[in-house]
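**Student:** could you work out the structure for the sequence below:
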Amino acid sequence: MAATEQEYLVGWISPTNRPDGRETQLDDKMPSNIRVANVTTNFTRGTEEEFRASMPVYEAKVRELAAMNADLILPSGAPPFMLLGFEGERQIIQSWEKQFGIPMFTSGQNHVRALRTLGVRQFVGASYFPEKMNSIFRRYFTQAGFSVLAMEGIDVPFTEVPKLPPDQIFDHIKRTLARHPDAQGIYMLGSAWRTLNIIDRLELSGYRSFTQGPQGGGKRSYDLE
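**Tutor:** Next comes the predicted model:
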């Protein structure tokens, strides 16, 4: 079979079971010769405590996907790995790659790669997490060599994030940008909220916009997974 016709299996570890997040799934975004096996860690609270306790769950899901002979594994969900720090995340991924013999990368590692590739060195961030978590996200990107001018969250229950109106997200980001005119880009952390519809509006203001998840569409959007 020619290399272009070879079939590949991508193992994707989703952070939640939310039906609202189906727009970010990979199945209809992949070439026909790439299949996706989706498992989930099923976070329900979105708290630091829940995320910190999740590495054994992730490892069990990696083991499950390795048993399916996955060619690549994507442990999705940025916060749990960002809690480990930039170097701690690298170490645990390398240990799993060595143990299971399968290449892997996390959401955060891919975000860093995308930001570096596009030459963004300083940016503002938006999330739907509280300040303590946002300070951890800032630390992660600072360790990766970026200047994080702000990482500001919208106050919303974790289970209600998919229901946030895009206009409310847009206004939140614009207020943050107004305080940091030197930002080279906008980074929206999290795959649960609906950011696709505001990408064009933000970029018409002159800012590169980065959103988590393979959401497709929008020629000026930069999807980070």
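**Student:** which ones are touching Q184?
**Tutor:** Applying Cβ atoms under 8 Å, 6 or more residues apart in numbering to Q184 gives the contacts G119, V120, R121, Q122, F123, Y207, R208. For glycine as for every other residue, the C-beta is placed from the backbone atoms N, C-alpha and C.
**Student:** for these, which single residue is the most surrounded?
**Tutor:** Of all these, the highest neighbour tally under other Cβ atoms under 10 Å goes to F123, namely 24 neighbours.
**Student:** who does that one bridge with?
**Tutor:** V148, G185 (DSSP bridges).
**Student:** got JSON lines for the contacts of Q184, with secondary structure and pLDDT too?
**Tutor:** Output for these, formatted as JSON lines (DSSP: H, G, I helix; E, B strand; the rest coil; pLDDT from 0 to 100):
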{"residue": "G119", "secondary structure": "coil", "pLDDT": "92"}
{"residue": "V120", "secondary structure": "coil", "pLDDT": "93"}
{"residue": "R121", "secondary structure": "coil", "pLDDT": "95"}
{"residue": "Q122", "secondary structure": "strand", "pLDDT": "96"}
{"residue": "F123", "secondary structure": "strand", "pLDDT": "96"}
{"residue": "Y207", "secondary structure": "coil", "pLDDT": "71"}
{"residue": "R208", "secondary structure": "strand", "pLDDT": "73"}
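**Student:** for R179, grab the count of nearby residues.
**Tutor:** Applying other Cβ under 10 Å, I find that R179 has 11 neighbouring residues.
**Student:** oh sorry, the question was meant for P157
**Tutor:** Neighbour tally, P157, other Cβ under 10 Å: 10.
**Student:** and which of the contacts of Q184 is nearest R201?
**Tutor:** Y207 (10.3 Å; Cβ to Cβ).
**Student:** for D155, see how far away the closest one is.
**Tutor:** For Y207, the distance to D155 equals 23 Å [Cβ to Cβ, to the nearest Å].
**Student:** tell me which residues in the longest helix that the chain contains are buried?
**Tutor:** Secondary structure of the chain read by DSSP state H shows that its longest helix is helix 85-100. Across helix 85-100, burial judged by 16 or more other Cβ atoms under 10 Å covers F86, E89, R90, I92, I93, W96, F100.
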